[in-house]
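A.B. asks: From the sequence below, what's the structure:
(chains A and B)
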Amino acid sequence: MPVELVGVLPSAGREVDGSPRAWSDALRRLADAHEAAGFDRVLVPAGPAAPDSHQVAAHVAVHTRRLGLLVEHRPGLAQPTVAARALASLDQFSDGRVAVYLPVCAPEHERRRDGDVVPHHDVRARDLEYLRLLRRTWAARDPVDVVGRFFRVEHYVNHVPPVHGHIPVYIGGSGDEAVRFAREEADVWLLPADLAPAAVPVTATGPDDNRGSAEEVPDPGSADAALVSARRPDLGMTLTLTSDTEVHTLIDHVEAGATTLVLDGYELDGRLRALLAEVREHAAASQAGEATRATSPRATSRSHHAHRDHR
Amino acid sequence: MPIEIIGSLLTNRGSEISPGGPLVDRPFLRRFAQASEAADFDRVLVTLTSVIPDPLPVTVYAAAHTERLGFLIAHRPGFVQPTVTARQFATLDELTGGRVALHAISGGIEAEQRRDGDYLDKSSRYQRTGEYLRILKRAWTATDPFDHDGRFYRIRAAAPTRPYQQPRIPIYFAGSSPQAYQVGGAEADVHAFFGQPLDQIAEEIRHVRAGAQAAGRVEGPRVSVSFRVILGATEEVAWERARQILAVTRQRLAQFGAPKELDGQPAEQPAVGFQRQLRAAERGEHHGRALWTALATATGYGGNKIALVGTPDTVAGELARYVDLGVSTVLLSGFELYDDTVTFGRELIPLLRQEVAHRDRRRLAGGHAPLGAATVGGAGWRSTTS
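C.D. replies: Next up is the predicted model:
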């Protein structure tokens, strides 16, 4: 599988940009520049004091053709069917270019800024129920009826499906709970590159059968048992580029198992373009070599950005 | 005051008389939005149910392909945290240079509410809407982080999310129940009603003004009324088209059933807004020179079913009578969505704007013009049953 290269769209800063026209044009130029630089996707960040990621992503989708979107979506702030429909609608308007990034098990003080009053000890169970309802809503062919611990749905009929029938879910977050959650539930587990080496071996277990229905929220007490049978996510590593980041640093992460690299800290210039092209080339070559070796777990690495506070 | 004219925007050509085609027909949507702008609509309503795409990306797409057109975005309070909604709309407002307004719909169909997980009873829903709208306003106007402790929401250090429009994004509001008058009267910038005969709209206006007064507002909300419009070069042509629309509506209803969003809703519980349309229908099929209730009777389900039928002159004249009553805004939609939009822009909207401007000038010059007395073409208002 080729490496997926993801940039970060700096969508904040509309105040300093002056007029809204200037802001919307700036976003459009940034998106174009990411597409031209060779990124596969851009992460559109969200947060209590950031512009809304869904609207920015919808705007980017109108003005690009190929660029994938990784829309940050904070779990638990909307009814799950409403959120599923919103993301599927965005997917419809972008010809299926949407993936979602869920920062799970967020700290209470941050969640309370948006009126999320679920106590800390319940946030993992809530986020899990939310995620499972998202997935179930996207895939539903029959009416959905659920009475969960946190959400209820009665006879929801999926008239607005995603283009490809599902939306890839990238999961990250800081703390042990978030790490365990991501490892068990993600399509792509995002973690900071510097944490990745320790985390990677744990993922190489278990069949991909853990996407149960939303009713089956596991007892948090049985989390260790769940871990054993966890699905194996792709691995995304996040890292911040500096002016002297060498291509081999990125290659090392790919060889350590990252299938997605989420990068920030770059200038959108020729050097970046060359760097991305080189990483792709190496990844392809290294994958060709790897086909003859025993398969190693795949991983993606997300830099400190996953934990950046958007205040 | 110039009349505000609102159209409606859908992602495909589906209506009572037309199949929809693809869920999101982007070429159609683009042409429809551009035609609405060319027709000189001030805004278009972007609707919301559980069976159609989220109105927000629809708006982003349509806004990217138009320059001035405003958007009235339907929103059901209570399904998303209010601070998140405040950010969504503020971001859209920035992206579009201040072209959005929020239309708060507290929900008339219980089955629809439950599909998305809302089980509050109606009275609590309206109370929640009131609290929700107060939080939106605060988020849009605050300069510092704020706390909120209410019956439905508890928020710590909410971020101010200033929109492009100052002081804030306009809030429209729908509902015709006592709870709706109370909350809309207190919180709405514009209170919207479904089409009804003049006397029923006068009654609605009294109720919402009483609601505003009870909340201590000096000036109550502006008032919007929604109609379907069926035009013809002569009265006969217009009524012939009306009969055709009724026939096709009946035939398609028999063939395909009621709209999907009504699935699971007991037929005996229409929303109050629709009950008022049915009441108008019980009083008579025709009211005044143009108002026609047959579609409400024929469909028996909610939405905007009261039509004005006639030549552009007749329809503009009848609409102006609502303006005389105190209506500031009309929402006009057709049946052949694109073609009707073009026709409204060519034949109805210029006349309607002229007529309202003419009355404004006369009112200013004369110092008075008895409300409801002036008419177009000399015909006084009459109701077939009153």
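A.B. asks: Chain B contacts on the stretch 101-250 of chain A?
C.D. replies: Proximity of the stretch 101-250 of chain A to chain B (CB under 8 Å from any CB of the partner chain) is limited to residues A:109, A:112-117, A:151-157, A:159-160. Every residue, glycine included, has its C-beta placed from N, CA and C.
A.B. asks: all strands for the stretch 51-200 of chain A, in order.
C.D. replies: A:68-72, A:98-103, A:144-147, A:152-156, A:169-172, A:188-192 (DSSP state E, counting those that start in this stretch).
A.B. asks: Which of those sits closest to residue B:125?
C.D. replies: strand A:152-156 (15.4 Å; CB to CB).
A.B. asks: any idea of the mean pLDDT for the closest one?
C.D. replies: What strand A:152-156 shows for mean pLDDT is 95.
A.B. asks: Give me the residues contacting the helix or strand hosting residue B:208.
C.D. replies: Assigned by DSSP states H and E, residue B:208 belongs to helix B:198-214. For helix B:198-214, contacts defined as CB atoms under 8 Å, 6 or more residues apart in numbering or on different chains pick out B:176, B:178, B:181-186, B:191, B:193, B:196, B:219-221, B:223, B:225, B:276, B:279-280, B:287-288, B:321-322, B:325-327, B:372, B:381, B:383, B:386.
A.B. asks: next one: stretch B:240-257
C.D. replies: So stretch B:240-257 is in contact with B:16-17, B:230-232, B:292, B:294-295, B:298-299, B:307, B:309, B:335, going by CB under 8 Å, 6+ apart.
A.B. asks: can you pull out the strands in chain B?
C.D. replies: Along chain B, counting by DSSP state E, strands occupy B:4-9, B:43-46, B:70-75, B:100-105, B:146-149, B:154-158, B:171-174, B:190-194, B:222-231, B:286-287, B:291-292, B:307-310, B:329-333.
A.B. asks: re earlier: for the residues of the stretch 101-250 of chain A next to chain B, which PyMOL command selects only the ones that are buried?
C.D. replies: Applying 16 or more other CB atoms under 10 Å in any protein chain shown to those, the buried members can be selected in PyMOL as follows:
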select buried, chain A and resi 112+113+114+115+116+151+152+153+154+156+157+160
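A.B. asks: Sort out which one of the residues of the stretch 101-250 of chain A next to chain B lies nearest residue A:195 for me.
C.D. replies: Using CB to CB, residue A:109 comes nearest to residue A:195 of these, at 22.8 Å.
A.B. asks: Can you verify my assumption that the closest one contacts residue B:156?
C.D. replies: Yes - contact criterion CB atoms under 8 Å: residue A:109 and residue B:156 qualify, at 7.2 Å.
A.B. asks: Doesn't residue A:239 lie inside a strand?
C.D. replies: Yes - Residue A:239 sits within a strand when classified using DSSP: H, G, I helix; E, B strand; the rest coil.
A.B. asks: What's opposite it in the beta bridge?
C.D. replies: As for beta bridges, residue A:239 partners with residue A:263 under DSSP bridges.
A.B. asks: What distance do you get for it to chain B?
C.D. replies: Taking CB to the nearest CB, to the nearest Å as the measure, residue A:239 and chain B are separated by 28 Å.
A.B. asks: Chain A contacts on the stretch 151-300 of chain B?
C.D. replies: B:153, B:154, B:155, B:156, B:157, B:158, B:159, B:161, B:164, B:260, B:263, B:264.
A.B. asks: how about 6 Å then?
C.D. replies: Contact residues, the stretch 151-300 of chain B versus chain A (CB under 6 Å from any CB of the partner chain): B:153, B:154, B:155, B:156, B:157, B:158, B:159, B:164, B:264.
A.B. asks: So which of the residues you listed wins on neighbours?
C.D. replies: Highest neighbour count within these: residue B:158, with 26 neighbours (other CB atoms under 10 Å in any protein chain shown).
A.B. asks: which ones are touching the nearest residue to that one once chain neighbours are set aside?
C.D. replies: Excluding the flanking residues, the one nearest residue B:158 by CB to CB, 6 or more residues apart in numbering or on different chains is residue B:83, at 4.9 Å. Residue B:83 is in contact with A:114, B:139, B:158, counting by CB atoms under 6 Å, 6 or more residues apart in numbering or on different chains.
A.B. asks: same deal with residue A:4?
C.D. replies: Residue A:4 is in contact with A:40, A:260, counting by CB under 6 Å, 6+ apart.
A.B. asks: Now do it, the pLDDT please.
C.D. replies: 97.
A.B. asks: can you check residue A:185 too?
C.D. replies: pLDDT, residue A:185: 96.
A.B. asks: That one - how many residues pack around it?
C.D. replies: Counted with other CB under 10 Å, residue A:185 comes out at 23.
A.B. asks: As TSV, the contacts of residue B:83 with pLDDT and distance to residue B:103 would be great.
C.D. replies: Listed next are the contacts of residue B:83 as TSV, based on pLDDT from 0 to 100; distance: CB to CB, whole Å:
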residue	pLDDT	distance to residue B:103
A:114	98	22
B:139	98	18
B:158	98	23
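A.B. asks: Setting aside sequence neighbours, what's the nearest residue to residue B:226?
C.D. replies: Nearest to residue B:226 is residue B:331, by CB to CB, 6+ apart, at 3.9 Å.
A.B. asks: cool, residue B:40 as well?
C.D. replies: residue B:349 (5.0 Å).
A.B. asks: Of all pairs in the contacts of stretch B:240-257, which one is the farthest apart?
C.D. replies: Every pair of the contacts of stretch B:240-257 checked by CB to CB; the farthest is B:232 and B:299, at 21.8 Å.
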